[in-house]
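Trainee: Mind folding the following:
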Amino acid sequence: MAVDIAQLREWIGREESASEVVTPELVRRFNATLDLDGCSLPGDPAPLLIHLCLGQPAVPGAQLGSDGHPARGGFLPPVPLPRRMWAGGAFAFHDDIRVGDTVTRTSRILDVALKEGRSGQLCFVTVEHRIGAGGRDVITERQDIVYRDAGSPKPAPTAAPAAAPEGAHRRLIVPTTTLLFRYSALTFNGHRIHYDAPYARDVEGYPGLVVHGPMQATMLLHLAADIGGRAPARFSFRSLSPLFDNADFILDAAEDGAALKLWTARVGGPVAMEAKAEW
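Mentor: Alright, predicted model coming up:
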């Protein structure tokens, strides 16, 4: 598929903003979905990465693409490659978001780049989000989005990938369809690979529903905060391979000097997402 990278790079510098209140009800639903403890009274610190649930595009059904995402060509460039995933990102935490805050996300396209991968063309879009709450700068976020050609999600490997190591800290996650549906609902994410099994299998070629990258990152960040006794100052992550609802997976962590290395992997499988937390 031809990709006019010069045209797509015209989107660099484009900005948009959105605001939403962190309500006690949202905090309770977020904590219930991810099995987190926490208070939801006005003024309490809100759970880490709840901002991913806020200010998401509310697009009428007629303006959605066949994959359930908003049709392309608005804020994000109209990349013609049909498969879209959140490939990685990084967060710098400056202050707490608190229950009752009005959170404003100001987003800017930083880069659009075309690369050739083992599975064909890949187009990477880098977005910066600056998150403010109650007049304070609270989070700076970089989001890496990757688009790829249709067809097999991954070429057949020449050899079985190595199993992920076991971390010093481990937590088992059962990716039920209910969990995936509830996280999609929290983030108003209509991408059908997370809740529509026939679509995920028959159209996009996956063996099951895909576990959200942002949800994996959120689980790893909360594990890091539990181990460190407080929220990290910086957290970065990168997706290496998908996880599906047909196998349980594990959150792993191991000390790395003053930092913490973290990763997800299905039981007996390779690393799916790797991350690093720093204080």
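Trainee: Nearest the middle, which residue of the chain would you pick?
Mentor: residue 214 (2.2 Å; Cα atoms, centre = their mean).
Trainee: That one belongs to a helix?
Mentor: Yes - the assignment for residue 214 (DSSP: H, G, I helix; E, B strand; the rest coil) places it in a helix.
Trainee: who are the neighbours in contact with the residue lying closest to it once chain neighbours are set aside?
Mentor: Nearest in space to residue 214, with sequence neighbours left out and distances taken as Cβ to Cβ, 6 or more residues apart in numbering, is residue 52 at 5.4 Å. Bear in mind the C-beta positions are built from the backbone N, C-alpha and C, glycine included. Residues in contact with residue 52 (Cβ atoms under 8 Å, 6 or more residues apart in numbering) are 187, 214, 218.
Trainee: before we move on, back to that, didn't the residue nearest to the centre of the chain look like it was pressed against residue 51?
Mentor: No - look at residue 214 against residue 51 with Cβ atoms under 8 Å: they stay out of range, at 10.7 Å.
Trainee: Distance of the residue nearest to residue 214 relative to residue 92?
Mentor: 15 Å (Cβ to Cβ, to the nearest Å).
Trainee: how about the helices in the stretch 151-279 of the chain?
Mentor: Taking DSSP state H, counting those that start in this stretch, the helices of the stretch 151-279 of the chain run over residues 177-186, 197-202, 213-228.
Trainee: Most tightly packed of the ones you listed?
Mentor: helix 213-228 (a mean of 21; mean count of other Cβ atoms under 10 Å).
Trainee: got the contact list for it?
Mentor: Residues contacting helix 213-228 (Cβ under 8 Å, 6+ apart): 34, 36, 47-49, 52, 85-87, 89, 91, 169, 171, 173, 180, 183, 187, 231-232, 235, 237, 239, 243, 251, 253, 260, 262-264, 272-273, 275, 277, 279.
Trainee: now it against helix 177-186, angle please.
Mentor: Put simply, helix 213-228 runs at 100 degrees to helix 177-186, going by axes from the mean of the first three to the mean of the last three Cα atoms, to 10 degrees.
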